[in-house]
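Q: turn this into a model:
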Amino acid sequence: MEKINIVVCSNDTEYKVLLKNKLVTDDIEIIGYADIEPNAKVRIQGFVPDVVAFLVDSYDINTQFTDYIEDMNLSSIGAVPVILTDKVTVDIVNMAAQAGVRQVLDINVDGKEFCDNMEHLVAKERRFNSDSSIEKKTRSTVYALFSGKGGVGKTTIAANVAVELASRGKKTLLIDLDLQFGDADMALDLTPTETIVDLSRDGNGVSIDNLTTCCTSHPSGLSLLASPPSPELAEYVSSNAVKSIIDVARNYYEYILIDCGCSLTDPVITAIESSDIVFTVNDVNILSLKRAKVCLNVIQQLNQKDKARLIINKNIKKNNVTIEDFENLLGIPAFAVISSDFKTVNSSLNNGQPVTTYKPRSPIAKDIVSLVDKMVLEREGKLEKNTKKAKRFNG
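A: Numbers count the residues shown, from 1 in each chain. Predicted coordinates for the structure are as follows:
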């Protein structure tokens, strides 16, 4: 059976943890969380879930709450709304049913029973949607690129990967979240007229219209939301603004790359928590090795370690510090290894061209293409299958 993706909508942390512990099968996954608040629909839609689980105390379930669920019209995006609460009554079930809620369950329901119920509900919904005009969107993927050390080539990788994705016809957004010293615009030879500051300070809030207005287009088709033009403007970009930007962008872009600064500011923490995958970028030296461990510890404290992927940049064959050192210390395998080629990178930056088009036959360009290939395969759910085939082929 195709994996079932759940978004949990609740203001109760204990309920969220309780539900997460009920997932007894790998076929069901929680892909995101939303608070019960007016703008939750935008966030939920961006995840494109199969199930939206509302976790709430029974005394908070009234006609106002069920109207709130009904107004979301989740069936229009092919999502099944369910409620889990501490006390299931006939009145609650009837109110929920009138609002389009498919099922009301006790929050203490057995894990296997919960998973069986979700599989049954989603299978039924998928059959219904296949017979109707409802077309399920493809879920976007958000990547946060982070490093605790400057000069590792994080922006170069982010810009090159983003352009390569866009060149393949993928709807791609690059957000420069190095709010004080970001230079993704220079790496792409772009001159933004509006930036993330203009979007954050817009009195009308964040919408797809003002998001696209504040973006700068690259010839590849990539959209860039540039960093502030001056460091002192960074304070105008709040973590709430970053969360809203990501939530809105999810509904429009397939790939969203966030080039985070090296400091763990509130906006960067929000980006990490709101992402699907966190690329920790490191060059191969002892300082990076130390910082990589510190960064992974922080990511773990944020309960985001399962998202972490290791990228080794500026790799050279003969070095006292090896890729294996990073893998052993961090406990995760290298997702990608990018060759060291200062001359090509420097020339491409000075010419305002990505390495994949400036010198497509160079080792670094091939490494970038391989990284993008792997990202696309993983997003389409073909990476593991492809890897197994490769292992069998290699004997």
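Q: pLDDT score for the residue of the chain positioned farthest from its centre?
A: When distances to the mean C-alpha position of the chain are computed (CA atoms, centre = their mean), the maximum falls on residue 90, with 38.9 Å. pLDDT recorded at residue 90 is 94.
Q: dump the residue contacts of it.
A: Remark: with contacts taken as CB atoms under 8 Å, 6 or more residues apart in numbering, residue 90 is in contact with nothing. The way it works is simple: take the backbone N, C-alpha and C, and place the C-beta from them, glycine included.
Q: where do the helices of the stretch 51-200 of the chain begin and end?
A: If DSSP state H, counting those that start in this stretch is used as the criterion, the helices of the stretch 51-200 of the chain fall at 63-72, 90-98, 111-130, 154-167, 184-187, 196-200.
Q: which stretch among those helices comes nearest residue 20?
A: In terms of CB to CB, the element of these nearest to residue 20 is helix 111-130, at 10.3 Å.
Q: could you say what helices and strands the closest one packs with?
A: strand 4-9, strand 28-34, strand 51-55, strand 80-85, strand 103-106 (3 or more CB pairs under 8 Å, 6 or more residues apart in numbering; DSSP states H and E).
Q: any chance of these in JSON lines, with mean neighbour count and mean pLDDT too?
A: Converted to JSON lines, those look like this (neighbours: other CB atoms under 10 Å; pLDDT from 0 to 100):
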{"stretch": "strand 4-9", "mean neighbour count": "23", "mean pLDDT": "94"}
{"stretch": "strand 28-34", "mean neighbour count": "19", "mean pLDDT": "90"}
{"stretch": "strand 51-55", "mean neighbour count": "24", "mean pLDDT": "95"}
{"stretch": "strand 80-85", "mean neighbour count": "23", "mean pLDDT": "94"}
{"stretch": "strand 103-106", "mean neighbour count": "17", "mean pLDDT": "94"}
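Q: residue 278: which of these is closest?
A: That would be strand 28-34 among those, by CB to CB, at 14.7 Å.
Q: what strands line up against the closest one, and which way round?
A: Under the criterion DSSP bridges, strand 28-34 sits next to strand 4-9 (parallel) in its sheet.
Q: low-confidence bits of the stretch 251-395 of the chain, can you list those?
A: Per-residue confidence of the stretch 251-395 of the chain (counting by pLDDT under 70) places the weak regions at 317-318, 384-395.
Q: quick one: the strands in the stretch 151-300 of the chain?
A: 172-177, 216-217, 223-225, 255-260, 277-283 (DSSP state E, counting those that start in this stretch).
Q: Serialize the ones you listed to CSV and add fields for distance to residue 20 and mean neighbour count.
A: CSV is the format used below for those (distance: least, CB to CB, whole Å; neighbours: other CB atoms under 10 Å):
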stretch, distance to residue 20, mean neighbour count
strand 172-177, 27, 27
strand 216-217, 39, 16
strand 223-225, 32, 25
strand 255-260, 24, 28
strand 277-283, 19, 25
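Q: in CSV: those strands, plus distance to residue 323.
A: Converted to CSV, these look like this (distance: least, CB to CB, whole Å):
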stretch, distance to residue 323
strand 172-177, 27
strand 216-217, 35
strand 223-225, 31
strand 255-260, 23
strand 277-283, 10
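Q: wait, residue 265 touches residue 179, no?
A: Yes. With the criterion set as CB atoms under 8 Å, residue 265 and residue 179 qualify as a contacting pair; they are 7.3 Å apart.
Q: just want to know which of these two has more residues nearby.
A: For residue 265 versus residue 179, the count of surrounding residues by other CB atoms under 10 Å is larger for residue 179: 25 against 19.
Q: I'd like the helices and strands packed on helix 111-130 written out as a markdown table, with distance to residue 255 added.
A: Formatted as a markdown table, those follow (distance: least, CB to CB, whole Å):
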| stretch | distance to residue 255 |
| --- | --- |
| strand 4-9 | 18 |
| strand 28-34 | 16 |
| strand 51-55 | 24 |
| strand 80-85 | 27 |
| strand 103-106 | 34 |
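Q: between these, which one is nearest to residue 183?
A: strand 28-34 (30.7 Å).
Q: among the helices and strands packed on helix 111-130, which is nearest residue 346?
A: Smallest distance to residue 346 across the helices and strands packed on helix 111-130 (CB to CB): 39.4 Å, for strand 28-34.
Q: how about the following helix or strand past the closest one as CSV, C-alpha atoms only?
A: Beyond strand 28-34 on the C-terminal side, the first helix or strand identified by DSSP states H and E is helix 40-47. The C-alpha trace of helix 40-47 is given here as CSV (Å, rounded to 0.1, in the frame of the first residue of the first chain):
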residue,chain,number,x,y,z
ALA,A,40,-3.9,26.4,9.7
LYS,A,41,-5.5,25.5,6.3
VAL,A,42,-2.6,27.1,4.3
ARG,A,43,-0.1,25.1,6.3
ILE,A,44,-2.0,21.9,6.0
GLN,A,45,-2.6,22.3,2.2
GLY,A,46,1.2,22.7,1.7
PHE,A,47,1.9,19.3,3.2
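Q: helices or strands next to helix 40-47 in the packing?
A: So helix 40-47, by 3+ CB pairs under 8 Å, 6+ apart, packs with strand 4-9, strand 28-34, helix 63-72, helix 239-250.
Q: rebuild those as CSV, extending it with distance to residue 366.
A: Shown next, in CSV, are the helices and strands packed on helix 40-47 (distance: least, CB to CB, whole Å):
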stretch, distance to residue 366
strand 4-9, 33
strand 28-34, 32
helix 63-72, 46
helix 239-250, 29
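Q: nearest to residue 160, of these?
A: Using CB to CB as the criterion, the shortest distance between residue 160 and the helices and strands packed on helix 40-47 is 20.1 Å, found for helix 239-250.
Q: what does that closest one rub up against?
A: The contact list for helix 239-250, computed with CB under 8 Å, 6+ apart, reads 39, 42-43, 45-47, 139-140, 142, 173, 175, 177, 196, 199-200, 205-208, 211, 225, 256, 258, 266-267, 269-271, 274-275.
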